[in-house]
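*Asks:* Take this sequence and fold it.
(one chain, ligands or ions: 1)
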Amino acid sequence: MKHFYLIFLFLTSIGCKNYTRIGSVRNNVCKTLEKKTILYAVFVDSDATHPWSEYDINSTMDSINISINWLEKQAQMNGVSLDIILERGENLSKHNAIPFKEDFKYQTLSGTLFKFPDLTKGINLVDQWSNNVSKDVARIFPNDTSKIVLTTNKSNDRERLIAKLRNNYKTDNIALIFFINNYFENEISVAFHTSSSSETEYAVVSNKNPSVIAHEFLHLFGAWDLYLSPFDRKIFAKSKKRKAMKKYPTEIMTFTYRDIDSLSISPLSKYLIGWDNKLAKGEGKMMIKRRWKLLEY
Ligand SMILES: [Zn+2]
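*Replies:* This is a model prediction of the structure:
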(Lines give C-alpha, C1' and ligand atoms only; values in the text may rest on other atoms or scores of the structure.)
Protein backbone atom coordinates (compact mmCIF):
# COMPACT_ATOMS: atom_id res chain seq x y z
CA MET A 1 0.00 0.00 0.00
CA LYS A 2 1.63 3.17 -1.17
CA HIS A 3 -0.88 5.83 -0.69
CA PHE A 4 -3.65 6.96 1.53
CA TYR A 5 -6.18 9.75 1.52
CA LEU A 6 -9.46 10.74 3.17
CA ILE A 7 -12.48 12.43 1.65
CA PHE A 8 -15.16 14.39 3.45
CA LEU A 9 -18.34 15.83 2.04
CA PHE A 10 -20.43 18.74 3.14
CA LEU A 11 -23.98 19.54 2.29
CA THR A 12 -24.47 23.21 1.61
CA SER A 13 -27.85 24.80 1.33
CA ILE A 14 -28.08 27.73 -1.05
CA GLY A 15 -31.37 29.52 -1.50
CA CYS A 16 -34.10 26.93 -1.63
CA LYS A 17 -32.13 24.35 -3.58
CA ASN A 18 -29.90 21.84 -1.89
CA TYR A 19 -26.52 21.55 -3.50
CA THR A 20 -23.76 19.24 -2.53
CA ARG A 21 -20.53 21.02 -1.90
CA ILE A 22 -17.61 18.65 -2.06
CA GLY A 23 -15.46 19.33 0.98
CA SER A 24 -12.13 19.39 -0.85
CA VAL A 25 -13.24 21.83 -3.58
CA ARG A 26 -12.13 25.47 -3.21
CA ASN A 27 -11.38 24.78 0.42
CA ASN A 28 -8.68 25.65 2.94
CA VAL A 29 -5.29 27.19 2.02
CA CYS A 30 -5.01 25.63 -1.45
CA LYS A 31 -8.32 26.55 -3.06
CA THR A 32 -8.17 26.80 -6.83
CA LEU A 33 -5.04 25.73 -8.70
CA GLU A 34 -4.35 28.91 -10.65
CA LYS A 35 -2.17 32.02 -10.80
CA LYS A 36 0.92 32.40 -8.63
CA THR A 37 1.35 29.28 -6.53
CA ILE A 38 4.27 28.40 -4.28
CA LEU A 39 5.31 24.78 -3.94
CA TYR A 40 7.20 25.00 -0.69
CA ALA A 41 9.44 21.98 -0.24
CA VAL A 42 10.80 21.08 3.18
CA PHE A 43 13.37 18.28 3.31
CA VAL A 44 13.29 16.41 6.60
CA ASP A 45 15.76 13.91 8.06
CA SER A 46 14.88 11.48 10.81
CA ASP A 47 16.71 8.65 12.55
CA ALA A 48 14.70 6.02 10.71
CA THR A 49 15.01 7.46 7.18
CA HIS A 50 18.01 7.80 4.88
CA PRO A 51 19.75 11.11 5.47
CA TRP A 52 19.27 13.61 2.66
CA SER A 53 22.51 13.91 0.71
CA GLU A 54 23.12 16.86 -1.57
CA TYR A 55 22.70 14.51 -4.53
CA ASP A 56 19.33 13.24 -3.20
CA ILE A 57 18.07 16.77 -2.67
CA ASN A 58 19.17 17.93 -6.12
CA SER A 59 17.63 14.95 -7.88
CA THR A 60 14.38 15.41 -5.96
CA MET A 61 14.36 19.12 -6.88
CA ASP A 62 14.76 18.02 -10.53
CA SER A 63 11.76 15.69 -10.14
CA ILE A 64 9.68 18.45 -8.56
CA ASN A 65 10.52 20.69 -11.51
CA ILE A 66 9.38 17.98 -13.94
CA SER A 67 6.05 17.82 -12.03
CA ILE A 68 5.72 21.59 -12.14
CA ASN A 69 6.38 21.78 -15.88
CA TRP A 70 3.78 19.07 -16.46
CA LEU A 71 1.18 20.81 -14.25
CA GLU A 72 1.77 24.15 -15.98
CA LYS A 73 1.45 22.49 -19.38
CA GLN A 74 -1.85 20.88 -18.34
CA ALA A 75 -3.09 24.28 -17.11
CA GLN A 76 -2.11 25.94 -20.37
CA MET A 77 -4.01 23.30 -22.38
CA ASN A 78 -7.06 24.14 -20.26
CA GLY A 79 -6.73 27.88 -20.62
CA VAL A 80 -5.83 28.29 -16.94
CA SER A 81 -3.17 30.80 -15.97
CA LEU A 82 -0.81 29.02 -13.58
CA ASP A 83 2.67 29.91 -12.40
CA ILE A 84 4.12 27.45 -9.90
CA ILE A 85 7.26 28.64 -8.15
CA LEU A 86 9.43 26.10 -6.34
CA GLU A 87 10.93 27.26 -3.07
CA ARG A 88 12.58 25.27 -0.31
CA GLY A 89 13.23 25.77 3.35
CA GLU A 90 16.86 26.00 4.39
CA ASN A 91 17.79 25.06 7.90
CA LEU A 92 19.57 28.11 9.29
CA SER A 93 20.48 26.38 12.50
CA LYS A 94 22.86 24.14 10.56
CA HIS A 95 25.64 25.76 8.56
CA ASN A 96 24.96 25.61 4.84
CA ALA A 97 22.60 22.71 5.27
CA ILE A 98 19.12 22.24 3.90
CA PRO A 99 17.46 19.34 5.70
CA PHE A 100 15.54 19.78 8.91
CA LYS A 101 15.50 17.04 11.50
CA GLU A 102 12.44 15.58 13.19
CA ASP A 103 11.77 11.99 14.22
CA PHE A 104 8.40 10.37 13.74
CA LYS A 105 6.85 9.20 16.99
CA TYR A 106 6.94 5.56 15.84
CA GLN A 107 9.97 5.40 13.55
CA THR A 108 8.35 5.87 10.15
CA LEU A 109 5.51 7.85 8.58
CA SER A 110 3.33 4.79 7.97
CA GLY A 111 4.35 3.25 11.31
CA THR A 112 3.14 6.38 13.08
CA LEU A 113 0.01 6.95 10.98
CA PHE A 114 -1.23 3.37 11.35
CA LYS A 115 -0.01 2.71 14.89
CA PHE A 116 -3.49 2.79 16.41
CA PRO A 117 -6.77 1.34 15.08
CA ASP A 118 -8.22 4.82 15.54
CA LEU A 119 -6.74 6.65 12.56
CA THR A 120 -7.33 10.10 14.04
CA LYS A 121 -4.67 9.32 16.66
CA GLY A 122 -2.13 8.58 13.95
CA ILE A 123 -3.10 11.72 12.03
CA ASN A 124 -2.63 13.77 15.21
CA LEU A 125 0.86 12.35 15.67
CA VAL A 126 1.88 13.18 12.09
CA ASP A 127 0.32 16.64 12.50
CA GLN A 128 2.48 17.12 15.57
CA TRP A 129 5.55 16.08 13.55
CA SER A 130 4.63 18.58 10.81
CA ASN A 131 4.12 21.31 13.42
CA ASN A 132 7.52 20.67 14.99
CA VAL A 133 9.22 20.92 11.59
CA SER A 134 7.16 24.01 10.68
CA LYS A 135 8.31 25.76 13.82
CA ASP A 136 11.95 25.37 12.74
CA VAL A 137 11.20 26.39 9.15
CA ALA A 138 9.30 29.51 10.25
CA ARG A 139 12.49 30.86 11.87
CA ILE A 140 13.73 31.67 8.36
CA PHE A 141 11.16 34.43 8.04
CA PRO A 142 10.69 37.61 10.04
CA ASN A 143 7.68 37.80 12.34
CA ASP A 144 4.52 38.26 10.38
CA THR A 145 2.88 41.62 10.82
CA SER A 146 0.18 41.35 8.19
CA LYS A 147 -3.32 40.45 9.29
CA ILE A 148 -4.81 39.40 6.00
CA VAL A 149 -2.44 36.47 5.46
CA LEU A 150 -3.69 34.49 8.44
CA THR A 151 -5.93 31.55 7.66
CA THR A 152 -9.10 30.96 9.63
CA ASN A 153 -7.66 27.71 10.90
CA LYS A 154 -6.71 27.05 14.46
CA SER A 155 -3.40 28.53 15.34
CA ASN A 156 -0.53 26.10 15.31
CA ASP A 157 3.02 26.17 14.00
CA ARG A 158 2.08 24.92 10.54
CA GLU A 159 -0.62 27.57 10.23
CA ARG A 160 1.85 30.25 11.34
CA LEU A 161 4.41 29.04 8.80
CA ILE A 162 1.81 29.26 6.04
CA ALA A 163 0.89 32.79 7.14
CA LYS A 164 4.56 33.78 6.90
CA LEU A 165 4.92 32.14 3.49
CA ARG A 166 1.82 33.97 2.24
CA ASN A 167 3.24 37.21 3.47
CA ASN A 168 6.71 36.59 2.08
CA TYR A 169 5.65 35.38 -1.37
CA LYS A 170 2.59 37.62 -1.70
CA THR A 171 0.18 34.87 -2.67
CA ASP A 172 -2.51 32.82 -0.92
CA ASN A 173 -1.66 29.62 -2.77
CA ILE A 174 0.93 27.87 -0.64
CA ALA A 175 1.34 24.12 -1.19
CA LEU A 176 3.37 22.86 1.75
CA ILE A 177 5.09 19.54 1.04
CA PHE A 178 7.48 17.73 3.38
CA PHE A 179 9.91 15.36 1.68
CA ILE A 180 11.38 12.37 3.50
CA ASN A 181 14.16 10.32 1.96
CA ASN A 182 12.72 6.84 1.68
CA TYR A 183 13.36 6.24 -1.97
CA PHE A 184 14.44 2.62 -1.61
CA GLU A 185 11.96 1.73 1.09
CA ASN A 186 8.30 0.86 0.94
CA GLU A 187 6.90 4.04 2.43
CA ILE A 188 3.70 5.94 1.66
CA SER A 189 3.03 9.48 0.46
CA VAL A 190 0.04 11.23 2.02
CA ALA A 191 -2.00 14.44 1.73
CA PHE A 192 -3.71 15.59 4.93
CA HIS A 193 -6.69 17.85 5.73
CA THR A 194 -7.58 18.75 2.15
CA SER A 195 -11.28 18.88 3.16
CA SER A 196 -10.73 20.31 6.61
CA SER A 197 -12.04 23.62 7.87
CA SER A 198 -9.84 23.64 10.97
CA GLU A 199 -6.41 22.30 9.96
CA THR A 200 -4.21 23.60 7.15
CA GLU A 201 -3.49 20.99 4.49
CA TYR A 202 -0.06 19.59 3.71
CA ALA A 203 1.51 16.54 2.14
CA VAL A 204 4.35 14.24 3.08
CA VAL A 205 6.10 12.73 0.05
CA SER A 206 8.50 9.82 0.34
CA ASN A 207 9.10 9.30 -3.37
CA LYS A 208 11.05 11.03 -6.13
CA ASN A 209 8.70 10.03 -8.93
CA PRO A 210 7.40 13.25 -10.63
CA SER A 211 3.95 11.63 -11.07
CA VAL A 212 3.68 10.99 -7.31
CA ILE A 213 4.73 14.56 -6.52
CA ALA A 214 2.15 16.00 -8.96
CA HIS A 215 -0.49 13.61 -7.60
CA GLU A 216 0.02 14.77 -3.99
CA PHE A 217 0.16 18.39 -5.11
CA LEU A 218 -3.22 17.95 -6.86
CA HIS A 219 -4.67 16.45 -3.65
CA LEU A 220 -3.82 19.69 -1.85
CA PHE A 221 -5.99 21.53 -4.37
CA GLY A 222 -8.90 19.14 -3.92
CA ALA A 223 -8.39 16.16 -6.26
CA TRP A 224 -9.45 12.66 -5.11
CA ASP A 225 -7.84 9.28 -5.42
CA LEU A 226 -9.46 7.37 -8.25
CA TYR A 227 -7.71 4.03 -7.88
CA LEU A 228 -8.56 0.93 -5.90
CA SER A 229 -6.92 0.91 -2.50
CA PRO A 230 -7.12 -1.41 0.51
CA PHE A 231 -9.39 1.24 2.06
CA ASP A 232 -12.08 0.53 -0.51
CA ARG A 233 -13.61 -2.36 1.37
CA LYS A 234 -17.18 -1.97 0.21
CA ILE A 235 -18.24 -3.56 -3.05
CA PHE A 236 -19.90 -0.32 -4.19
CA ALA A 237 -16.72 1.68 -3.59
CA LYS A 238 -14.68 -0.88 -5.49
CA SER A 239 -17.01 -0.95 -8.45
CA LYS A 240 -17.12 2.82 -8.81
CA LYS A 241 -13.34 3.05 -8.66
CA ARG A 242 -13.11 0.37 -11.35
CA LYS A 243 -15.47 2.40 -13.52
CA ALA A 244 -13.39 5.53 -12.97
CA MET A 245 -10.21 3.65 -13.93
CA LYS A 246 -11.87 2.49 -17.12
CA LYS A 247 -13.32 5.86 -18.07
CA TYR A 248 -10.13 7.81 -17.35
CA PRO A 249 -7.31 5.51 -18.49
CA THR A 250 -4.58 8.17 -18.28
CA GLU A 251 -5.71 9.93 -15.10
CA ILE A 252 -2.89 10.98 -12.76
CA MET A 253 -5.08 10.45 -9.68
CA THR A 254 -5.38 6.79 -10.72
CA PHE A 255 -2.19 5.65 -12.43
CA THR A 256 0.28 7.43 -10.20
CA TYR A 257 3.31 5.26 -10.86
CA ARG A 258 3.41 5.70 -14.64
CA ASP A 259 5.59 8.07 -16.62
CA ILE A 260 4.13 11.53 -16.07
CA ASP A 261 4.18 12.32 -19.80
CA SER A 262 1.69 9.50 -20.40
CA LEU A 263 -0.77 10.94 -17.85
CA SER A 264 -3.50 13.59 -17.91
CA ILE A 265 -6.10 15.25 -15.67
CA SER A 266 -9.68 13.98 -16.05
CA PRO A 267 -12.78 16.24 -16.19
CA LEU A 268 -13.69 15.08 -12.66
CA SER A 269 -10.30 16.13 -11.27
CA LYS A 270 -10.49 19.41 -13.20
CA TYR A 271 -13.75 20.19 -11.42
CA LEU A 272 -12.24 19.25 -8.06
CA ILE A 273 -9.16 21.49 -8.46
CA GLY A 274 -11.30 24.39 -9.69
CA TRP A 275 -10.32 24.38 -13.38
CA ASP A 276 -13.93 23.82 -14.42
CA ASN A 277 -16.82 25.68 -12.82
CA LYS A 278 -19.12 22.71 -13.15
CA LEU A 279 -18.89 19.02 -13.77
CA ALA A 280 -19.98 18.26 -17.32
CA LYS A 281 -22.85 15.83 -17.74
CA GLY A 282 -21.73 12.22 -17.66
CA GLU A 283 -18.31 13.04 -16.24
CA GLY A 284 -17.28 11.59 -12.92
CA LYS A 285 -20.73 10.01 -12.72
CA MET A 286 -19.45 6.88 -11.03
CA MET A 287 -18.02 8.89 -8.11
CA ILE A 288 -20.96 11.27 -7.66
CA LYS A 289 -24.17 9.99 -6.06
CA ARG A 290 -27.27 10.41 -8.18
CA ARG A 291 -29.10 12.50 -5.60
CA TRP A 292 -26.26 15.02 -5.39
CA LYS A 293 -26.70 18.25 -7.25
CA LEU A 294 -23.18 19.53 -7.42
CA LEU A 295 -22.45 23.14 -6.67
CA GLU A 296 -21.53 25.21 -9.71
CA TYR A 297 -19.02 27.97 -9.16
ZN1 LIG B 1 -3.60 9.96 -3.70
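
*Asks:* Regarding this protein, what is its longest helix?
*Replies:* The helix of greatest length in the chain, counted in residues with DSSP state H as the criterion, is given as helix 54-77.

*Asks:* Quick check, the residue in the stretch 101-250 of the chain closest to the ion?
*Replies:* residue 225 (4.1 Å; Cβ to the ion). The way it works is simple: take the backbone N, C-alpha and C, and place the C-beta from them, glycine included.

*Asks:* and that residue, helix, strand or coil?
*Replies:* Three-state call for residue 225 (DSSP: H, G, I helix; E, B strand; the rest coil): coil.

*Asks:* Return the per-residue confidence for it.
*Replies:* If you check residue 225, the pLDDT there is 91.

*Asks:* swap in residue 164?
*Replies:* Residue 164 carries a pLDDT value of 92.

*Asks:* Over to residue 185?
*Replies:* Confidence score, pLDDT, at residue 185: 75.

*Asks:* Count the residues that sit near it.
*Replies:* Residue 185 has 14 neighbours, counted by other Cβ atoms under 10 Å.

*Asks:* Distance from the chain centre to the helix or strand encompassing residue 163, please.
*Replies:* Element membership for residue 163 (DSSP states H and E) is helix 157-169. Distance, stretch centre to chain centre, for helix 157-169: 17 Å (Cα atoms, centre = their mean, to the nearest Å).

*Asks:* Quick one: the helices in this structure, in order.
*Replies:* Read by DSSP H, the chain holds these helices, from start to end of the chain: 54-77, 109-113, 119-138, 157-169, 210-220, 235-247, 267-272.

*Asks:* just to revisit the earlier point, just the buried residues of the longest helix of the chain, please?
*Replies:* When burial is assessed from 16 or more other Cβ atoms under 10 Å, helix 54-77 yields the following buried residues: 56-57, 60-61, 63-64, 66-68, 70-72, 74-75.

*Asks:* Show me what it packs onto, helices and strands only.
*Replies:* For helix 54-77, the packing partners by 3 or more Cβ pairs under 8 Å, 6 or more residues apart in numbering; DSSP states H and E come out as strand 35-45, strand 82-88, helix 210-220.
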